[in-house]
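Novice: sequence first, predicted model second:
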Amino acid sequence: MRPASIVNFERLYWASILLGLLITYLSWDATVAAVQFQPGVQLGQGFVAAIAVVGIAIQLLLWYFIARQPSLVVKWIFVVLFALGVLGVIYNFIGGAALGEISTILTILAYVLRGLATWLLFRPDAKIWFGEDVPEAEAP
C-alpha cells in the first residue's frame, strides 16, 4: 500500500501536469511564433509539438518511477529538475517576462504545486517508500 505522502504527491504532481498542459495550450501560438523567427533555423509547429510530447513523456516516466514503482534515483532526478525549473522561471522574470498574464500566473501556481509535491517526497513515510533509512525519531 502506498503511503499518504506518495498519494498526495501524485495528486499535486498530476495537478501541475494538467496546469502545464493548459499553459502549453494558452501559449501555443506565441511559442510557435518565437521558434519560427529564430535566425538561420527552420523550425515550426511540428518541432514545438515534438518537444511538448517529449516533455509529457518525461513527466509520465517521473510520475511512474516515483508514485508507482519507487526509485530513489528518479526521486533525486525529479528534485534536480524541479530546482532547475525554478531557476528558469526566476531567470525569465528577471529577463522581463510579463507578470500578470494568465499563463504566468498558472506557471507560478504549477511550480507551487510541484514544490509541495517535492516536499512530500521527504516525509518519513515517503522515505520508507523509497527504501531510505529513517531514524526511529522520524518514523511515523
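Specialist: Thanks, I have it. Numbering: from 1, shown residues only.
Novice: give the buried residues for the worst-scoring helix or strand of the chain on mean pLDDT.
Specialist: In the chain, no helix or strand scores lower on mean pLDDT, DSSP states H and E than helix 28-36, which sits at a mean of 84. With burial defined by 16 or more other Cβ atoms under 10 Å, the residues of helix 28-36 counted as buried are 31-32. Quick note: C-beta positions are derived from backbone N, CA and C, even for glycine.
Novice: what's the helix or strand for V41?
Specialist: Using DSSP states H and E, V41 maps to neither a helix nor a strand.
Novice: gap between it and V54?
Specialist: Noted for V41: a distance of 18 Å to V54, by Cβ to Cβ, to the nearest Å.
Novice: same check, this time on L109
Specialist: Counting by Cβ to Cβ, the gap from L109 to V54 is 23 Å.
Novice: repeat that for N8.
Specialist: As for N8, its distance to V54 is 27 Å (criterion: Cβ to Cβ).
Novice: which non-adjacent residue is nearest L43?
Specialist: Spatial nearest neighbour of L43, chain neighbours left out: V35 (4.8 Å); criterion: Cβ to Cβ, 6 or more residues apart in numbering.
Novice: go ahead and confirm that neighbour touches G46.
Specialist: No - applying Cβ atoms under 8 Å as the test, V35 and G46 come out as separate, 10.0 Å apart.
Novice: just for the protein, where's the confidence low?
Specialist: Regions of the chain meeting the criterion pLDDT under 70 cover residues 97-100, 134-140.
Novice: residue boundaries of the helices in it?
Specialist: Secondary structure of the chain (DSSP state H): helices at 4-26, 28-36, 45-63, 72-94, 102-120, 124-129.
Novice: relative to helix 45-63, how tilted is the fourth one?
Specialist: Per axes from the mean of the first three to the mean of the last three Cα atoms, to 10 degrees, the angle that helix 72-94 makes with helix 45-63 is 130 degrees.
Novice: and the angle from helix 72-94 to helix 4-26?
Specialist: Using the same axes, to 10 degrees: helix 72-94 against helix 4-26 is 40 degrees.
Novice: just the CA trace of helix 72-94, in PDB.
Specialist: The C-alpha coordinates for helix 72-94 follow below in PDB (Å, rounded to 0.1, in the frame of the first residue of the first chain):
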ATOM      1  CA  LEU A  72      15.400   6.700  -5.200                       C
ATOM      2  CA  VAL A  73      17.400   7.800  -8.300                       C
ATOM      3  CA  VAL A  74      14.300   9.100 -10.100                       C
ATOM      4  CA  LYS A  75      13.300  10.900  -6.900                       C
ATOM      5  CA  TRP A  76      16.500  12.800  -7.000                       C
ATOM      6  CA  ILE A  77      16.300  13.400 -10.700                       C
ATOM      7  CA  PHE A  78      12.800  14.900 -10.100                       C
ATOM      8  CA  VAL A  79      14.200  17.100  -7.300                       C
ATOM      9  CA  VAL A  80      17.100  18.400  -9.500                       C
ATOM     10  CA  LEU A  81      14.700  19.100 -12.500                       C
ATOM     11  CA  PHE A  82      12.400  20.900 -10.100                       C
ATOM     12  CA  ALA A  83      15.200  23.100  -8.900                       C
ATOM     13  CA  LEU A  84      16.400  23.800 -12.400                       C
ATOM     14  CA  GLY A  85      12.800  24.700 -13.400                       C
ATOM     15  CA  VAL A  86      12.500  27.100 -10.500                       C
ATOM     16  CA  LEU A  87      15.800  28.800 -11.600                       C
ATOM     17  CA  GLY A  88      14.500  29.000 -15.100                       C
ATOM     18  CA  VAL A  89      11.300  30.700 -14.000                       C
ATOM     19  CA  ILE A  90      13.300  33.200 -11.900                       C
ATOM     20  CA  TYR A  91      15.600  33.900 -14.800                       C
ATOM     21  CA  ASN A  92      12.600  34.500 -17.100                       C
ATOM     22  CA  PHE A  93      11.100  37.000 -14.600                       C
ATOM     23  CA  ILE A  94      14.500  38.800 -14.300                       C
END
